[in-house]
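In: structural data only, the sequence is not supplied:
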């Protein structure tokens, strides 16, 4: 329910295509190394978890088991061969989403697919692998700090237009690419 905190105290498997939606103002947190392992990601390109207004992801580890290894050194990665097209989090028309102290790994299509959502905050988070690690489409006022982006097959942070509007007012500080 809005205002609740879901605490992961272990590692849980979720299959791609699960389509889990969170209501507004919910926190997904982990303790004792808890997190989510995404499996069977070659079959879908839809987000697995949809975040709502004011959601927070805190201290969660996301892995993508069974995806191709990171470290691809070619020029044009092939979908389904070099990465699986699944997206972990979809943030669509949801403002004020925050991702803190989390870790994402595995060669999936995207870890965070953010569309027409304002006031996104990403702090102290590690991204390893993935085609696009974070995609910002038609967003405003994104703040990214203290984060590490490595071994992306495409872009660590990808910006795109929605209609005539692109991503605007993005601040990235104290981060490593």
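Out: Sure thing, it's come through. Predicted, not measured: the structure shown is a model, and the values here were computed from it.

In: C-alpha from now on. contacts and neighbour counts both.
Out: Noted.

In: okay, and the beta partners of residue 155?
Out: Taking DSSP bridges as the rule, residue 155 bridges to residue 132.

In: swap that for residue 58, sorry
Out: residue 29, residue 100.

In: show me what contacts it?
Out: Applying Cα atoms under 8 Å, 6 or more residues apart in numbering to residue 58 gives the contacts 27, 28, 29, 30, 99, 100, 101, 102.

In: redo that, cut-off 7 Å
Out: Neighbouring residues of residue 58 by Cα atoms under 7 Å, 6 or more residues apart in numbering: 28, 29, 30, 99, 100, 101, 102.

In: likewise for residue 108?
Out: With Cα under 7 Å, 6+ apart, residue 108 has these contacts: 67, 83, 84, 85, 86, 87, 130, 131.

In: narrow these to those in helices?
Out: Using DSSP state H, no member of the contacts of residue 108 sits in helices.

In: pull the most distant pair out of those.
Out: Maximum pairwise distance among those (Cα to Cα): 12.4 Å, between 67 and 87.

In: give me the three-state assignment for residue 119.
Out: What DSSP: H, G, I helix; E, B strand; the rest coil gives for residue 119 is coil.

In: and it, how close does it get to residue 1?
Out: As for residue 119, its distance to residue 1 is 22 Å (criterion: Cα to Cα, to the nearest Å).

In: show me which of those two is the more surrounded one.
Out: residue 119 (18 against 10; other Cα atoms under 10 Å).

In: measure that one to residue 151 for me?
Out: Taking Cα to Cα, one finds residue 119 at 26 Å from residue 151.

In: just residue 69 next, same as before
Out: Taking Cα to Cα as the measure, residue 69 falls 10 Å from residue 151.
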